[in-house]
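1. Fold the stuff below for me.
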Amino acid sequence: MLREIRSKYINTLLLLTVAIYLILLLGPWSGPVDAEIGVVSGSKNTSEIYLKVNQDLVNLRSGPGIATEMIAQVHKGDTLVLLEVQGVWNKVKTASGQVAYIRSDMVGEENGTPLLKVTLDGKQMDFEVLPRVENNRVLVPLRAIFEAMGAKVEWNQATQTATATKDNITVVLPLNSTQPTVNGVIWNLEVPAKVVQQRTLAPLRFVGEALGGTATWDQANFTVVLQNPPPPEPVVQPLPAPVPQFEGLRILSERDDSGLRIVMGSGVKLETKLNKTSSKISYEFANVQIDGTSYIEVPLGTQIIKVQGSNQGKNAVVEIQLPTGVEYRTTTEFEGKKEVLTIANFITGVERSTFSNSGERIVINATAPLTYKSSPTGTTLEVVLDNVLSGKALNDYKYDSRLINSMGFKTKKTGSVSQTVFTLVTSKPAKFAVGTSNDGSTLNIMFIDQSEIQPRVPMVVLDVGHGGKDTGAPGDNVNEKDVNLDVALKVGQILTQKGIKVEYTRTDDTFLSLNEEATVGNLYNAALFVAIHSNSSTEPNPSGTETYYYAPLESPELYIQKDERCRLATYLQQALVAKLGRNDRGVKQGNLAVLRNTQMTSALVEIAFISNPTECELLKQQNFRQMAAQAIADGIEGYMKENIK
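-> Residues are numbered from 1 along each chain as shown. The predicted model follows:
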């Protein structure tokens, strides 16, 4: 009897132990907390497998292969849902519901949180940059949501400020600031906006509610629900009054090549009285009233132009506050129905910085997009800026630099065009690269000592896309890896016969990672690196030839090669289109691993679409492959003759 009691007791303890273990193992799971919305929590869907990105920056593709279109990018720590495994590629779903492909060596299984989703008016949104949780706050792409809500968004590179306007609402959000404004009223944030992949991410509640919408949390579906404000109630128009009605006056700002324009317009000819002082211009318009926005702030370099309108009796008055020293002109346009104050485009500042061991970078900021011509010759670079005043630029700059000998600006006028000429003289022959930022109002000049550029072996490394377990994009009874290898070997044979030295990343059906492919080219210290691929799409219709290079402004070491990389890609594209006669899809910048990680001049060709039935049949034919190889060899030879001595 005692033995039976002891046995039951022990069994009961074992059952309790197992139960407690299961509760601890399968117990409640908590997600991130967002004080702007409430507690964000949820339980894992055990029917799904979650993957976590284990690399700093990874491209998502439209199909299972590097030759397919890049449709998004993810960062280390981002979570994806696994849909299907296809060889070395995983078919996944992003937080926005987008289906894409990612290499299996770029992710690991993660029993983590469900994917955060965002809906607007009941429709799930797709983003180029995924929403994320940082410091217990949800950050979402500002421009994508603001524009979906009907706002116009402008970015000022000089002041690092985003401005969104919708109806009578103006939202101003400086980067890295916790005090954006809505119609001039400060909105305090606990987390500032930040830039990820050239997209501004901002706290969710601010983005959702700044334009009058709402942001709520759907716990069951782990979804942020955004709603646009309801449409205004229909306004019953009053019967015409027996007294005269005043016409409306609208105020807006715009930028073009002439500079910043403050526009005041109406549907009738304006009777205008103008008063000017050193810091303010006042317009008084008879028998009109302000219609719409009465106050705007316009960034001008590091300063702000403030425009304030008001109705005073029968008249409207618009006062414009100007920073000291700003040059402007006033004009009457549109048969007297529009008054315009134009502040000419001018230089707001000049900055210098260094990169790598000896690289120099000069940044010229202006109030509007810049039109320029550059002429580099040995130790001198001249850049002519059209319709730009020198502004805050100096006649002469002195730097403690072993490479900059002299640098300065001068102004001149050619006909009706005002020009500012920037001249840089180096103490030694230098290599220059010149280009503008995305909005065109910032000019970047980078240069290095020509003698410090390491001489490269006059050789081309042919990178054969895919291989081994990585079959590349599939075609009808053919795999991309086999097409690429056959064409590359033919290219190498043609170049060798021309006396050009050739090496390969592979000469048989071998698998190399993307980093290993770039490393091979770097180890050879080759002059050129050309990657050979066949394109693919999830749809059968896309066709043609395209060629990629990569030289982003954010990477000075690559940007300094911008002209050479673009020139190599152009040689290859022109030769392929001329020889194959396929659709010319052009030369494009592409953030591809082999181009991002190679140190020499590099390009990647996409011969034709293996996913297109017609071009797939061509890629199977030896004659077509031979023509493609001849075209690639011709492009390489043409570039080397002109650029490699």
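
2. Quick check: closest non-adjacent residue to Pro229.
-> Gly212 (3.9 Å; C-beta to C-beta, 6 or more residues apart in numbering). Where you see a C-beta, it was placed from the backbone N, CA and C, and this is true even at glycine.

3. mind listing what the one you found touches?
-> Gly212 sits next to 169, 228-229 when contact means C-beta atoms under 8 Å, 6 or more residues apart in numbering.

4. Confirm it sits in a helix?
-> No - counting by DSSP: H, G, I helix; E, B strand; the rest coil, Gly212 is located in no helix; its state is coil.

5. Can you report phi and psi for it?
-> Torsion angles at Gly212 (phi, psi; degrees, to the nearest 10) stand at phi 90, psi 10.

6. separation between it and Trp187?
-> Distance, Gly212 to Trp187, by C-beta to C-beta, to the nearest Å: 13 Å.

7. ok, now Leu322?
-> 27 Å.

8. quick one, which of these two is more surrounded?
-> It is Leu322, of Leu322 and Trp187, that has more neighbours when counted by other C-beta atoms under 10 Å, with 21 against 17.

9. what pairs with the nearest residue to Tyr504 once chain neighbours are set aside across the strands?
-> Leaving out its chain neighbours, the residue that sits closest to Tyr504 by C-beta to C-beta, 6+ apart is Leu462, at 5.1 Å. Beta bridges link Leu462 to Tyr504, Val530 when assigned by DSSP bridges.

10. With Ser375 instead?
-> Beta-bridge partners, per DSSP bridges, of Ser375: Glu382.

11. Buried residues, stretch 615-622. List them.
-> Neighbour-count burial for stretch 615-622 flags 615-616, 618-620 (criterion: 16 or more other C-beta atoms under 10 Å).

12. Just the residues contacting that stretch, thanks.
-> Residues from elsewhere that reach stretch 615-622, judged by C-beta under 8 Å, 6+ apart: 475-478, 483, 534, 543, 582, 607-610, 624-625.

13. picking up where we left off before, can you get me a residue count around the residue nearest to Tyr504?
-> Neighbours of Leu462 (other C-beta under 10 Å): 28.

14. what helix or strand is Met640 on?
-> Applying DSSP states H and E as the criterion places Met640 in helix 622-643.

15. what separates that helix from the chain centre, distance-wise?
-> 32 Å (C-alpha atoms, centre = their mean, to the nearest Å).

16. cool, and stretch 117-129?
-> On C-alpha atoms, centre = their mean, the centre of stretch 117-129 falls 19 Å from the chain's centre.

17. likewise stretch 272-292?
-> The answer for stretch 272-292 is 40 Å, by C-alpha atoms, centre = their mean.

18. Who are the contact partners of the residue nearest to Tyr504?
-> Contacts for Leu462 were tallied using C-beta under 8 Å, 6+ apart; they are 488, 491-492, 502-505, 530, 532.

19. what's the most distant pair in those residues?
-> For the contacts of Leu462, with distances taken as C-beta to C-beta, the pair at the greatest spread is Glu503 and Ile532 (13.6 Å).

20. With neighbour numbers in mind, choose between those two.
-> Counting neighbours by other C-beta under 10 Å for Glu503 and for Ile532 shows that Ile532 has the greater number, 26 against 18.

21. Packing partners of the one helix or strand that one maps to?
-> Using DSSP H and E, Ile532 maps to strand 526-535. The elements that strand 526-535 packs onto, with contact taken as 3 or more C-beta pairs under 8 Å, 6 or more residues apart in numbering; DSSP states H and E, are strand 457-464, helix 480-497, helix 514-524, helix 562-580, helix 593-597, strand 601-609, helix 622-643.

22. send the alpha carbons of that strand over as CSV?
-> C-alpha atoms of strand 526-535 as CSV (Å, rounded to 0.1, in the frame of the first residue of the first chain):
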residue,chain,number,x,y,z
ALA,A,526,43.0,43.2,-62.2
ALA,A,527,42.3,46.4,-64.2
LEU,A,528,38.7,45.2,-65.1
PHE,A,529,36.1,42.9,-63.6
VAL,A,530,33.1,41.9,-65.8
ALA,A,531,30.3,39.8,-64.4
ILE,A,532,28.3,37.7,-67.0
HIS,A,533,24.7,36.9,-66.2
SER,A,534,21.3,36.1,-67.9
ASN,A,535,18.4,38.1,-66.8
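
23. in that strand, what counts as buried?
-> Within strand 526-535, the residues that count as buried by 16+ other C-beta under 10 Å are 526-535.

24. out of the helices and strands packed on strand 526-535, which comes closest to Thr348?
-> Comparing the helices and strands packed on strand 526-535 by C-beta to C-beta, helix 562-580 comes nearest, at 24.7 Å.
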